[in-house]
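>>> show me the folded form of this:
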Amino acid sequence: MTRTGLALAALITGTLLAPLNSSMVAVALTPIGREFGLPLGTATWVVTVFYLTACVCQPVLGRVADRIGPRRLFTAGLTVAAVASAAAATAGSVPALILCRGLQAAGVAAAFPCAVLVIRRGTGELGTARLAAVATANTTAGAVGPVLGGLLTAWAGWQAVFWVNLPLMLGALLLAWRAIGPDEPRPRTGGAIRALDPAGVLLFAAAVVGLLDLMLGFSWPAAALFAVATTGFLWWERRAATPFVDVRALAATPGLVAVLATFLLFNLAYYGAFYGLPPWLQTTLGYDAAQAGLLVMPIAATSVVATVLGGPVTRRLGVGRALLFAGALLPVGVSALATFGPSTPAWLIVLDGIVLGIPYGLCNLGLQRLMYERAPEQMSGVVAGLFQSTRYVGAILAVGVVGATAPRSPGSPPDLRVLAIAMTAVAALMLCSLRLVDGSRSKPGLLPRVL
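Residues are numbered from 1 along each chain as shown. So this is what the prediction gives:
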């Protein structure tokens, strides 16, 4: 394999670690809750802290990569993630496990923005092909996570979902250090901390925490935190010299906010079903972790196929039509969960998984294409980070809904019917927002053949 091929292998491995680690744990939540004697609503913090940390770190680390170079940040991030993964596998308490998950998320969050910066060193079709490969890996890894997590958990316990990271992370580290070219010299502009806008980052994180707390159960302190932090964030970002998010430029870009909002709704609906189904399969139908992972496998397999075929389908139908087709399938898939019960046959679960897998692949790729097309060139890195953050916010809210619909006793599943009704309403709203996005008016010349 050439030096360029080794570098691309390192980048692909690094970027798939974030979605892989966020989804592998879905099947392990029930065993973790049982071992530590915790209800599902509390155990979901193992997932929530990962999303929350990655949500904040993605755009922040993108800016850090601009300042110090992608090679150094990529290797430093994977080093932190490898240490955190080993510590998580040996954690003796839930607080320790949650801390390790936060550090793991911070480490792997560096990979995607670094990959984009390295790939942009290429030009034309070569750079585009590399970006497509990374985007495909980033999309499909989250889909195969529950299957892999279920098999590992059944084989060696929930700790195995953390041990499996080490060979991947160490391999990517060695490849990156050997094959990715040295970082270009960057001017010393000073004020590194101020340039990262710590006030904006803290306000953004506080707003997300407040929103999550509201999803877990309404409380006036959570509502006040969300309202104050959101208002403060918008006020500060409009006045900061180097804002964490340039809200003025974001709002002034036609269609970009609609794309981000639609992506949030899509992930909220999809991950609500994605995280709600495995615990229900284990506690209501009595499947073990491996069997639950296999029953979720049709979602993964169909997602991979839809991702691979998404490019030709989108080029043939147009972005708008492909998105509307996929968006129409999502409410069908999540609403079917409301009919599931103790006597639901396995074939019906498999069939519904196929229906859910198609929108996962097509909507991810279609909305990602629109995001790249509509992002101003001078904001492309920040917008890419925000796009990933929007994915995490949607997933965080989904985890909150799953926890809120679960009884407080350890080992109890979420109320799948209530969860399905809520996610169907979100999916229907997402379908309506796709018309606002109006993907058919995208300008393919801005990003040739990314899909």
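
>>> dump the helix or strand where residue 57 lies to CSV, restricted to CA.
If you go by DSSP states H and E, residue 57 is part of helix 45-68. Output of helix 45-68 as CSV, limited to C-alpha atoms (Å, rounded to 0.1, in the frame of the first residue of the first chain):
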residue,chain,number,x,y,z
TRP,A,45,-25.4,8.5,31.0
VAL,A,46,-22.7,6.2,29.7
VAL,A,47,-24.0,7.1,26.2
THR,A,48,-25.0,10.7,27.0
VAL,A,49,-21.7,11.9,28.3
PHE,A,50,-20.0,10.6,25.1
TYR,A,51,-22.4,12.5,22.8
LEU,A,52,-22.3,15.6,25.0
THR,A,53,-18.5,15.7,25.0
ALA,A,54,-18.1,15.0,21.3
CYS,A,55,-20.8,17.5,20.5
VAL,A,56,-18.8,20.3,22.1
CYS,A,57,-15.4,19.1,21.1
GLN,A,58,-15.9,18.6,17.4
PRO,A,59,-16.0,22.3,16.3
VAL,A,60,-13.5,23.3,19.1
LEU,A,61,-10.9,20.7,18.0
GLY,A,62,-11.5,21.7,14.4
ARG,A,63,-10.3,25.2,15.3
VAL,A,64,-7.3,23.7,17.3
ALA,A,65,-6.3,21.6,14.2
ASP,A,66,-6.2,24.8,12.2
ARG,A,67,-3.8,26.3,14.7
ILE,A,68,-1.4,23.4,15.5
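
>>> chain center to that helix: distance?
Distance of helix 45-68 from its chain centroid, counting by Cα atoms, centre = their mean, to the nearest Å, is 11 Å.

>>> check stretch 419-427 too.
Going by Cα atoms, centre = their mean, where stretch 419-427 is centred and where its chain is centred differ by 19 Å.

>>> and what of stretch 301-312?
Its chain's average C-alpha position is 18 Å from that of stretch 301-312, according to Cα atoms, centre = their mean.

>>> buried residues in it?
By neighbour count on 16 or more other Cβ atoms under 10 Å, the buried set for stretch 301-312 is 301, 302, 303, 304, 306, 307, 310, 311. Yep, even glycine has a C-beta here, placed from its N, CA and C like the rest.

>>> could you do stretch 280-296 as well?
Within stretch 280-296, the residues scored as buried using 16+ other Cβ under 10 Å are 280-285, 287-296.

>>> can you pull the contacts of residue 175?
Residues near residue 175 by Cβ atoms under 8 Å, 6 or more residues apart in numbering: 6, 7, 9, 10, 13.

>>> just want the angle from the one helix or strand residue 206 maps to to helix 45-68.
Residue 206 belongs to helix 198-216 when assigned by DSSP H and E. On the basis of axes from the mean of the first three to the mean of the last three Cα atoms, to 10 degrees, helix 198-216 is oriented at 160 degrees to helix 45-68.
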